[in-house]
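# Structure, please.
(one chain, ligands or ions: 2)
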Amino acid sequence: MDLSSHTSTAQLVVLATSSALTALFYSIYKNRVTTANRLKGAKKVSIDQDLKELLSEAPGKCVPYAVIEGAVKAVNETLSSQFVDNCKGVIERLTLKEKKMVWNRTTHLWNHTEKVIHQRTNSVPFAIGSLDESISTCVRVVRPLEASALELETTYQNFHPAVQSFTSTIGHFISGERPKGIHEIEEMLRVGDSVTGVGELVLDNSLIKLQPPKEGYCYFLSRSDYDSLLRKQESSVRMWKIITIIFGVAACSTLVYILWKKVAHYRQKKRKRGLMEEFEEQQRQRIQDLNLDESTISPSSCTVCLNRERDCVFLECGHVCACLQCYEFLPRPKKCPICRSAIDRVVPLYNS
Ligand SMILES: [Zn+2]
Ligand SMILES: [Zn+2]
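Ligands and ions are numbered 1, 2, ... in the order given. Sure, this is the predicted structure:
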């Protein structure tokens, strides 16, 4: 066991990193808790004929954080899928991803990597209407691309494999990068999809709008219903809580370990000092008993016989405190007269 009092750089790095990560993850966790609680407290508003009246009576003609559920309705034009016939939507996202195999020099394995090389999102104005066709009231969605949790539906995907030739294959082995191909994905929010919107609901003249809420509230637009959206937020809260606890425990254990080492080192030092004092006291007693003059004893004389010169070193403690003859007469198991640690080996010293 290494009982050096110096905390190693590695231990400090582990302590600093785990503490910093714990603080970071805790702030994310707190953030998620706030978001989930606000979502839970959001006012559920149904899209019906009374909605306009409800808003005109509300202070500032607005509900600061409201949940609405309904179906996507186009306002004017719609976007058509570039790959699927009769597929109309209001948001369309095209993504090109490059897939590669990269040689890892540490693990000596080819790893899959994926990089978005192009992404374009188009949108047209749209509204959320009631699922009941007979109700004409609808809510215009403002800045839908700012909303989080908006998972679009994948309407088309295709993989274009890279062309491999003999020379290019050799080149890939030398460069450590082997292209696999391009993944093309089209995602859409289609007309008629059921959606849940959470944000600020306002009555602007005669238009009902759902817009990004104020005061740092989260703007949601999701294809799942309100309950699943809430469940998703709650599971994210749980995940961040677990991550924070894991890193918190790691930081605390590192701190406890470092402190424990410091305490152990301090105790060992104290014990050694105590033994040394005890030894010096005994030595003085012996000098008195033998009626010797302290000034006549050489500082390099054996501490056992006080007569011969010290001529050996005890290992592992390293004390040079006795002569070889006295060492031979030490009772078994042989212990260093100064620090009382077991003598594993004795090495004679030759002064020249
Ligand atoms: Zn001696
Ligand atoms: Zn010793």
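# and the helix or strand containing Leu189, how far from the chain's centre?
Using DSSP states H and E, Leu189 sits within strand 177-190. Distance, stretch centre to chain centre, for strand 177-190: 29 Å (C-alpha atoms, centre = their mean, to the nearest Å).
# Please name the nearest non-neighbouring residue to whatever residue of the stretch 101-250 of the chain ends up closest to ligand 2.
Residue of the stretch 101-250 of the chain nearest ligand 2, by C-beta to the ion: Ala250 (38.6 Å). Placement of C-beta: from N, CA and C, glycine included. Nearest residue to Ala250 in three dimensions, chain neighbours excluded: Ser18, at 4.5 Å (C-beta to C-beta, 6 or more residues apart in numbering).
# Quick check: the gap between Val304 and Thr155.
To Thr155, Val304 is 93 Å away according to C-beta to C-beta, to the nearest Å.
# Run through the helices of the protein in chain order.
For the chain, the helices defined by DSSP state H cover 9-41, 51-57, 166-175, 226-289, 324-329.
# Just name the shakiest helix or strand of the protein by mean pLDDT.
Across the helices and strands of the chain, mean pLDDT, DSSP states H and E gives its lowest value to helix 166-175, namely a mean of 81.
# ok, residues contacting it?
For helix 166-175, the external contacting residues (C-beta atoms under 8 Å, 6 or more residues apart in numbering) are 178-179.
# let's have the chain start at 189 instead
Happy to do that; since the first residue is 189 now, the last one works out to helix 354-363.
# Up against ligand 1, what does this protein have?
Residues of the chain lying close to ligand 1 by C-beta under 5 Å from the ion are 490, 492-493, 496, 511, 514.
# Swap in 6 Å and give it another go.
Residues of the chain that fall close to ligand 1, judged by C-beta under 6 Å from the ion: 490, 492-493, 496, 510-511, 513-514.
# Give the residue farthest from the middle of the chain.
Most distant residue from the mean C-alpha position of the chain: Asn479, 71.6 Å away (C-alpha atoms, centre = their mean).
# Before we move on, what's the pLDDT of it?
Note on Asn479: pLDDT of 80.
# how near is it to ligand 1?
Look at Asn479 and ligand 1: by C-beta to the ion, to the nearest Å, they are 18 Å apart.
# got it, and Glu403?
Applying C-beta to the ion to Glu403 and ligand 1 gives a distance of 85 Å.
# Which residue, other than its chain neighbours, is closest to Gly277?
Met376 is the one closest to Gly277 (C-beta to C-beta, 6+ apart), at 3.8 Å.
# doesn't Ser269 make contact with that neighbour?
Yes: under the criterion of C-beta atoms under 8 Å, Met376 makes contact with Ser269 at 6.2 Å.
# Have a look at the two and say which one is more surrounded.
In this view Met376 and Ser269 are compared by other C-beta atoms under 10 Å, and Met376 has more residues nearby, 24 against 17.
# Please report the number of neighbouring residues for Ser410.
20.
# bridging residues for it?
For Ser410, the beta-bridge partners are Thr384 (DSSP bridges).
# my read: it touches Gly387, true?
No: applying C-beta under 8 Å as the test, Ser410 and Gly387 come out as separate, 11.6 Å apart.
# Please compute how far stretch 337-344 lies from its chain's middle.
The answer for stretch 337-344 is 28 Å, by C-alpha atoms, centre = their mean.
# Just the CA atoms of the longest strand that the chain contains, as CSV, please.
If you go by DSSP state E, the chain has its longest strand at strand 276-292. Extracted in CSV, the C-alpha atoms of strand 276-292 (Å, rounded to 0.1, in the frame of the first residue of the first chain):
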residue,chain,number,x,y,z
LYS,A,276,-48.5,15.4,-48.7
GLY,A,277,-47.1,17.1,-45.6
VAL,A,278,-46.3,20.4,-44.0
ILE,A,279,-42.7,19.7,-42.9
GLU,A,280,-40.2,17.8,-45.0
ARG,A,281,-36.6,17.0,-44.0
LEU,A,282,-34.0,15.6,-46.3
THR,A,283,-30.9,14.1,-44.8
LEU,A,284,-27.8,12.6,-46.4
LYS,A,285,-25.6,10.6,-44.1
GLU,A,286,-22.2,9.3,-45.0
LYS,A,287,-21.4,5.9,-43.6
LYS,A,288,-17.8,4.9,-43.1
MET,A,289,-15.6,2.3,-41.5
VAL,A,290,-12.7,3.9,-39.6
TRP,A,291,-9.7,2.0,-38.4
ASN,A,292,-9.1,2.4,-34.7
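# where are the low-confidence patches of the protein?
By pLDDT under 70, the low-scoring segments of the chain are 189-194.
# can you list the domains in it?
Split into domains by automatic domain parsing, the chain comes to 252-412, 486-540.
# what's the span of the longest one from first residue to last?
Using C-alpha to C-alpha, to the nearest Å, the end-to-end distance of domain 252-412 comes to 22 Å.
# I'd like the distance from that domain to the chain centre, please.
For domain 252-412, the separation from the chain centroid amounts to 27 Å (computed by C-alpha atoms, centre = their mean).
# what sits against the residue nearest to Gly277?
Met376 makes contact with 267, 269, 275, 277, 279-281, 340-341, 343, according to C-beta under 8 Å, 6+ apart.
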